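# got a structure for you, letters missing:
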């Protein structure tokens, strides 16, 4: 029932309800003195519904323990959002460097005003790219976007909950750009919804949190969950990802109802250069 209700509500309505609830909670936090000014107000949180700080802390540990992130690394955050991943890294990347970009101007502006002044080696850029779910008024497609960084300029690139909103041409292009900006020996830490035959069967159960019922055009590897807005939630088959990311390591997530290292699946890729 919960899963059916989730897909029954139109995407704009879900966004409106989320913002309304978070605004009320912001007011409550302010009145009770519980507002943590080191973190953005809840109403600006467009990157997920779970606890903002807890998710950021979780991924900071995953970057280190699963991805091998080092304090000296040059890091690129694709889809930097409103600093959910950047904030916990400010105390770790003391000798490294962080660059992030995002298609939501509100998030970039908050990070520029609240993170960069205290941590000058953390930089954020706004890029006006089209995404039906996040930025439907933009004209530039992600598949036409060149990351604004030189070749081989990063040791560690991560994209959390980015490829779960990218259609095939855009996803393929982003992987090529990641390969371009990664230095030899560098690591890409990417989250996906990965489909296998077992996962497709698991999706039929109520324990699964997603149901990718719609095939994207005539592909046999890309599926989505929201009929009217494919970019809201996208999954790819493991076989397609293995072809795109030769030698990648796959770590299962819990989105399909089983135990996992995180909610989404994690893929660690170290391109051979």
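Yes, it's here. Here the structure is a predicted model, which is why all the values come from computation and not from measurement.
# for the stretch 101-250 of the chain, which segments count as helices?
Remark: helices assigned in the stretch 101-250 of the chain by DSSP state H, counting those that start in this stretch are 105-114, 168-181, 197-202, 238-244.
# in the longest one, what's buried?
To tie it back to what came earlier, the one meant is helix 168-181. Across helix 168-181, burial judged by 16 or more other Cβ atoms under 10 Å covers 168, 170, 171, 173, 174, 175, 177, 178, 179, 180, 181. All C-beta atoms are positioned from the backbone trio N, CA, C, and that covers glycine.
# which one of those residues is nearest residue 204?
Checking the buried residues of helix 168-181 against residue 204 with Cβ to Cβ, the nearest one is residue 168 at 24.7 Å.
# identify the residues contacting the closest one.
216, 219, 221, 222 (Cβ atoms under 8 Å, 6 or more residues apart in numbering).
# of these, grab the buried ones for PyMOL.
Applying 16+ other Cβ under 10 Å to those, the buried members can be selected in PyMOL as follows:
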select buried, resi 216+221+222
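# nearest to residue 232 among the contacts of residue 168?
Closest approach to residue 232 among the contacts of residue 168 (Cβ to Cβ): residue 216, at 12.5 Å.
# now do that closest one, the pLDDT please.
Looking at residue 216, its pLDDT reads 97.
# okay, and the beta partners of the nearest residue to it once chain neighbours are set aside?
Excluding the flanking residues, the one nearest residue 216 by Cβ to Cβ, 6 or more residues apart in numbering is residue 222, at 4.0 Å. Beta-bridge pairing of residue 222 under DSSP bridges involves residue 236.
# just to revisit the earlier point, the buried residues of helix 168-181: which two are farthest apart?
Farthest-apart pair in the buried residues of helix 168-181 is 168 and 181; separation 20.8 Å (Cβ to Cβ).
# give me the residues contacting stretch 133-145.
Residues outside stretch 133-145 that contact it (Cβ under 8 Å, 6+ apart) are 11, 46, 103-104, 127-131, 165-166, 169-170, 172-174, 177, 229, 231-232.
# I am finished for the moment; much appreciated.
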